[in-house]
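Engineer: from the sequence below, what's the structure:
(chains A and B)
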Amino acid sequence: MRLSTRPKLKRLAQLGLLVFAVFNLLGVGDDDARFKDLGHHLMCVCGCNQILLECNHVGCQYSDRMRNELSAALDRGDNDDLTLQSFIQKYGTTVVAAPSTTGFGRVAWIMPFAALLAGMGTLVWVVRSWRMRPAPALADGIRPVKGPELERFREQADKETDL
Amino acid sequence: MSQFSSAALPQIGSFVLLLALALGAYSFLVGAFALFIGGKEGEYLGETARRAGIATFAAVFLAAVALVTAAFTDDFSIAYIFHHSNRDLPGPYKFAVLWSGQEGSLLFWSLLLATYGFVLRLRYKTDPRLFAYASVVIAAVQVFFLMLLNFAAHPFAILQGQLPPDGSGLNPLLQYPEMVIHPPMLYLGYVGFTVPFAFALGALIMRYPGEKWIHITRRWTMVTWGFLTIGIFLGAHWAYAVLGWGGYWGWDPVENASLMPWLTGTAFLHSVMMQEKRGMLKTWNMWLVFFTFWLAILGTFLTRSGIISSVHAFAQSSIGAWFFWFLIVSAATFVFFYVQNHSHLRSEHKLESMISRESSFLFNNLLFVIACFTVLWGTWFPKISELVQGNKVTVGAPFYNNVAVPVALLLLLLTAVGPLLAWRRTSFESLRRNFMWPALGGLAVGVLMMILGVRPWKDIAYFYSLMAAMLATLVMLTVISEFVRGGRVISRHTGFSLFGSMLHLWHRNTRRYGGYIVHFGVAVVIIGILGTPFNREAEKEMGFGDKLNIGPYTLVCQSYTQDDNANYSNEWAIMNVFKGDQQITTLYPERRLYKASSQPQTIPRIYPTYAQDFFLVSDLYVVYEGRNDETGRPIIKAHLNPMVPWIWTGLIVMIFGTITCLIPNTAPLRATVPARIQTAPAVGAGD
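Structural biologist: Predicted coordinates for the structure are as follows:
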C-alpha cells in the first residue's frame, strides 16, 4: 500500500508546487490594475491613517492630488519602484503602506516567518522530548498493559465511548 | 436639581472614588496578609477583606452613577462632562458619555472589574481558599485603576473659570447606536480576562493541585471571550457603517490591540482542554492566560499613552507611564511566582502520536500565538524602526495581508482537521474516511469559483480568496459531518429521528458541539471576508436624474436636500437603485455637521442584496461624499462589497455557539432499541 501511494503523493506534491509557482509568476500589467495596486500600497498623508485609494475625507487636501500624481507617473511609464521612490522623496517614508523589502524594513517581513519556523522547531523538539519521556510510575498493584492486550482495551474504550 | 448637581455631584463622585481606593487597598493588603498568616485569624481577616472587596464595587458603582447623572443633568462644572456632552445630546448618548473619554472609560473599566470581583466574592464558597487568592489578585488590579482615577485621570475634575452655557459635545463618530454597546462589550472582554488570570496566579501561588481552577474559570473565560468577540465585531461593523470608507478592518493599532488578547484567549480556550483531559500543557496555559491579561493591559497602554499614532486613540496623556509600570510590575510578579512554584506544573501524560487531538491543539496554539506575535510586531515596528534607523515607517494592510493571511489559512485548515482527530492517536485510515467528503466538497467549491471567473494566478489576493473559500467549506462540511455521524449513531441506538439525535448529541456534550458551532461561524465569517479582493467602487457628481453604474446596479439621483435640528444640520441625496429595469430600493446617503463640535460626519447607507443574489449577497454601500460648491450638486461614491453580510451572520452563529457551550450537559439517554453489533464509525472522543 505504501509503495503504491508514495509516488502518487510525490507527483501530486510536484503538481501542487508547479501550480503554485504558475499562480505566482503569472500576472497582468495593465495601468488600471497597477494604479489600483500601487494606490493600495500608498497611504494618504492627511493624517487619516487610510490607504490612499480608500481615503474618503470630504475636501481632503492630499488624496486627490496624490491620486493625480500616481496617474501621471503611470502615464509617464515610470516603473513601480520609481513611482514609489518619487512618493517617498516627496512625502517621506510613511507614505508607503508597508515596510520596504530592503534594509531594515526587511526585518519586518522576516520576523513573523522566522518566529513561525522557530515555533515549529520548538514544537517538534517538545513533542519529541515528550514522546521519549518515560511513562509515569504506576501505583503498587497496578500491572502495566502492553501490546495486543492494550489494543484490545483501546478498541473496547473506543466502542464504549464513541460519542 | 441642577443647582444641587452642580454643587454636590463632583464632591460625591470624588469622595466615593477615594473611598473605593481605600476599600480596594484594604481588600488587597489585608487579604494578602490573611493568606500569609493563615489559621483562624487569617480566616477572620480574609472575610473582612472579602467584604471590603464587595464594598469596593458599591463605591465604584456610586461613582459611575454620579458621572452619568452629571451627564444627564448637564453639569458642565465637571470638565469631563463639558468635554464629552452637550445639552442637546440624545439620552442614550448621554449614558454613553461614561466611556467616551479617557477618565470616564477608566472609571467604566474599574466598574466592570469591580463587578466581576463582586460576583467572584459572592461565589467564594466554591473553593474559599482559591477564591481568596483570586480576590486578592483582582483587588491589586482594582487598586491600580483606582489610583489612576484618583491621582492621574480624575473624572470629577472641576472646570476652571466661568461655567460654560453648553458642552463641547460628544465626538460625532461616537453618536451611533452601536457605539452605545461596542465599548461595553469590548471592555467586558478586556477586563474579564483578569478573572482567569487571577485564578491562574492564585493557583500558582498556592501550588494548587489538579485542574479545578480551570473548571472554575471555564465559564468565566468563555463569557469573557464571547464579550471580546462581540466587541471586536461591533467595532468592525461600526467602522463599516460609520467611517464611510467601505471597509471594516484597517489594521489600525487600536484594532490590533483588541485582536491580540482575543488571539491568545482563543488559544487558551483550546489548550485548557488538554490540561483538563490529559493533564498536559500546565505551564503553557499559565503563561497563555498571563499573556492574555497582559496584552489586554498593553492594548490599553497603546490607546492611551500616545506612543503609537492611531485615529482611534485617546488624547496623549501622562497615564501611559502608569500603564507602563503596571505592565512591568505585573510581569515581574508573575515571573517571580512562576520561578518559585513552577515545579508543580509538570505534565501528567506524554504525547503518543503526532496525529492526535493533542498535537492539533499544539499546532493550533502555535499558530494563534504566531498570529498574535505578527500583529504585535506589526503594531510596534514603526516605533522600532524609529529607534533603530531614525525614521518611522508605516505598517498597514499590505503587510498584514501578506504575513497574517497565510497563518490564518493554516489555522483554518487546522480548524477543519482538528475535530476529526481523536485524543491520544488517530489512524490514517480513520482520518482519510472522515476527511474525504469534506475535502472533496472544498475542492468542488474551488473549481466552481474558477469556473465563475476567479483567476488565482492574476493576483495573490485572488489566490488567498480561493484558498479561504475552499478551507471555509471544508470547515463547515467537517462540522456538519461530525453532527450527522454522531446523530446517526445515537439514532441507531435510540430510534430517534436524525435531527432529534443531533440535538441530543449536542445536549450531551454542549461544550464540544457548541465549539463546533463556533467553528462553523468562523467559517461563515471567513466567507464574508474573502469577497474583499472583488470589491468595486465608483464615484460621480450627480444632478437630478443622473446615473451611476456599479456592477449590475444603477443608482439614479432622484433628489438632494438639506435639514436642520438641535444636534446637527445635514444634507442628503435620494438615490433610487435599479437592477436592470427594476427598482429594488431607495437609499438616503447623508452628511451631518454636528453643531456643538463643528465636526462633519458621513452616514453611508448600506443595502445588502439578499433578495437579488442570496448566497452571493453583496453590500451596496453608498456614501454622500460632499457637495461641489460651484454646482451645488452632491458627490456620491458607491461601493459594491461582495459577501460582507456573511461576516455579521457568522458573528451571530459564533455567539450562538458560545452560548450553547455554556449550557450544562444532560445525562446520556439509555438505548430503547437493541443495537446491531457492528463497527461504529470513529467519532473523536471528548471535547
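Engineer: need phi/psi at residue B:638.
Structural biologist: Phi and psi for residue B:638, reported as degrees, to the nearest 10, are phi -120, psi 140.
Engineer: for the helix or strand where residue B:254 lies, packing partners?
Structural biologist: Per DSSP states H and E, residue B:254 falls inside helix B:253-278. The contact analysis (3 or more C-beta pairs under 8 Å, 6 or more residues apart in numbering or on different chains; DSSP states H and E) places helix B:253-278 against helix B:177-192, helix B:212-242, helix B:282-305, helix B:357-389. For every residue, glycine as well, the C-beta is placed using N, CA and C.
Engineer: do that again at 10 Å, thanks
Structural biologist: If contacts are counted by 3 or more C-beta pairs under 10 Å, 6 or more residues apart in numbering or on different chains; DSSP states H and E, helix B:253-278 sits against helix B:177-192, helix B:194-205, helix B:212-242, helix B:282-305, helix B:357-389, helix B:397-417, helix B:510-529.
Engineer: how about the longest one: buried residues?
Structural biologist: Residues of helix B:357-389 classed as buried by neighbour count (16 or more other C-beta atoms under 10 Å in any protein chain shown): B:357-382, B:384-385.
Engineer: so which of the residues you listed reach chain A?
Structural biologist: Filtering the buried residues of helix B:357-389 for proximity to chain A (criterion: C-beta under 10 Å from any C-beta of the partner chain) leaves B:358-359, B:362-363, B:365-367, B:369-371, B:373-378, B:381-382, B:384-385.
Engineer: mind checking how far the closest residue to residue B:117 other than its chain neighbours is from residue B:367?
Structural biologist: Counting by C-beta to C-beta, 6 or more residues apart in numbering or on different chains, residue B:138 is the residue found nearest to residue B:117 once chain neighbours are left out, at 4.5 Å. Note on residue B:138: its distance to residue B:367, by C-beta to C-beta, to the nearest Å, is 31 Å.
Engineer: ditto for residue B:67
Structural biologist: Residue B:67 sits 42 Å away from residue B:367, going by C-beta to C-beta.
Engineer: and chain B, what are its domain boundaries?
Structural biologist: Annotated domains of chain B cover B:1-170, B:427-531+B:653-662, B:533-642 [automatic domain parsing].
Engineer: Serialize the ones you listed to JSON lines and add fields for distance to residue B:416.
Structural biologist: JSON lines is the format used below for these (distance: least, C-beta to C-beta, whole Å):
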{"stretch": "domain B:1-170", "distance to residue B:416": "35"}
{"stretch": "domain B:427-531+B:653-662", "distance to residue B:416": "4"}
{"stretch": "domain B:533-642", "distance to residue B:416": "20"}
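Engineer: could those domains go into JSON lines alongside mean neighbour count?
Structural biologist: Compiled in JSON lines, these are given as follows (neighbours: other C-beta atoms under 10 Å in any protein chain shown):
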{"stretch": "domain B:1-170", "mean neighbour count": "20"}
{"stretch": "domain B:427-531+B:653-662", "mean neighbour count": "19"}
{"stretch": "domain B:533-642", "mean neighbour count": "17"}
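Engineer: same list, those, but as a markdown table with mean pLDDT please.
Structural biologist: As requested, those are exported to a markdown table (pLDDT from 0 to 100):
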| stretch | mean pLDDT |
| --- | --- |
| domain B:1-170 | 91 |
| domain B:427-531+B:653-662 | 90 |
| domain B:533-642 | 90 |
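Engineer: of those, which is nearest residue B:403?
Structural biologist: Among the domains of chain B, domain B:427-531+B:653-662 comes nearest to residue B:403, with 11.9 Å by C-beta to C-beta.
Engineer: ok, is that closest one in contact with chain A or not?
Structural biologist: Yes: residues of domain B:427-531+B:653-662 contacting chain A under C-beta under 10 Å from any C-beta: B:430, B:455-463, B:466, B:485-487, B:489-490, B:493, B:504-505, B:508-509.
Engineer: show me where chain A has helices.
Structural biologist: Assigned helices in chain A, in chain order: A:2-25, A:31-39, A:63-76, A:80-91, A:105-132, A:147-160 (criterion: DSSP state H).
Engineer: so, in contact with chain B or not, the shortest one?
Structural biologist: Yes: judged by C-beta under 10 Å from any C-beta, helix A:31-39 comes into contact with chain B at A:33, A:36-37.
Engineer: again with stretch A:43-51
Structural biologist: Yes: for stretch A:43-51 and chain B, the contact criterion (C-beta under 10 Å from any C-beta) is met by A:43, A:45, A:47-51.
Engineer: so which bits of that stretch are buried?
Structural biologist: In stretch A:43-51, counting by 16+ other C-beta under 10 Å, buried: A:43-45, A:48-51.
Engineer: among these, which pair sits farthest apart?
Structural biologist: Longest span within the buried residues of stretch A:43-51, C-beta to C-beta: A:45 and A:51, 11.7 Å.
Engineer: who touches both of these two?
Structural biologist: Common contacts of residue A:45 and residue A:51, defined by C-beta atoms under 10 Å, 6 or more residues apart in numbering or on different chains, comprise A:63, B:394.
Engineer: poorly predicted segments of the stretch 201-350 of chain B, please.
Structural biologist: Within the stretch 201-350 of chain B, the stretches with pLDDT under 70 are B:306-317, B:347-350.
Engineer: now the strands: where do they sit in chain B?
Structural biologist: Assigned by DSSP state E, chain B shows strands spanning B:536-541, B:547-550, B:553-564, B:568-579, B:582-587, B:590-594, B:599-603, B:605-608, B:618-627, B:634-642.
Engineer: what stretches of chain A score poorly on pLDDT?
Structural biologist: Where chain A drops to pLDDT under 70, the residues are A:1-10, A:14-30, A:56-59, A:133-148, A:151, A:154-163.
Engineer: quick one: residues contacting residue 65.
Structural biologist: Unless you meant another one, I'm taking chain A. Shown in contact with residue A:65 (C-beta under 10 Å, 6+ apart): residue A:45.
Engineer: um, chain B though
Structural biologist: Residues near residue B:65 by C-beta under 10 Å, 6+ apart: B:9, B:12-13, B:16, B:98, B:111.
Engineer: looking at the residues you listed, which is nearest residue B:551?
Structural biologist: Of all the contacts of residue B:65, residue B:551 sits closest to residue B:98, with 42.6 Å by C-beta to C-beta.
Engineer: confirm for me that the closest one is in contact with residue B:107.
Structural biologist: Yes: look at residue B:98 against residue B:107 with C-beta atoms under 10 Å: they come within range, at 7.0 Å.
Engineer: can you work out which residues contact both of these two?
Structural biologist: Joint contacts of residue B:98 and residue B:107 (C-beta under 10 Å, 6+ apart) are B:64, B:67-68, B:80, B:155.
Engineer: against residue B:591, how distant is residue A:62?
Structural biologist: Per C-beta to C-beta, residue A:62 is found 20 Å from residue B:591.
Engineer: domains in chain A, by residue range?
Structural biologist: Split by automatic domain parsing, chain A gives A:28-95, A:105-160.
Engineer: return the most buried member of the ones you listed.
Structural biologist: domain A:28-95 (a mean of 16; mean count of other C-beta atoms under 10 Å in any protein chain shown).
Engineer: can you tell me which of the contacts of residue B:65 end up in helices?
Structural biologist: Of the contacts of residue B:65, the ones assigned to helices by DSSP H are B:9, B:12-13, B:16, B:111.
Engineer: closest one of those to chain A?
Structural biologist: When those are compared for distance to chain A (C-beta to the nearest C-beta), residue B:111 wins out at 30.6 Å.
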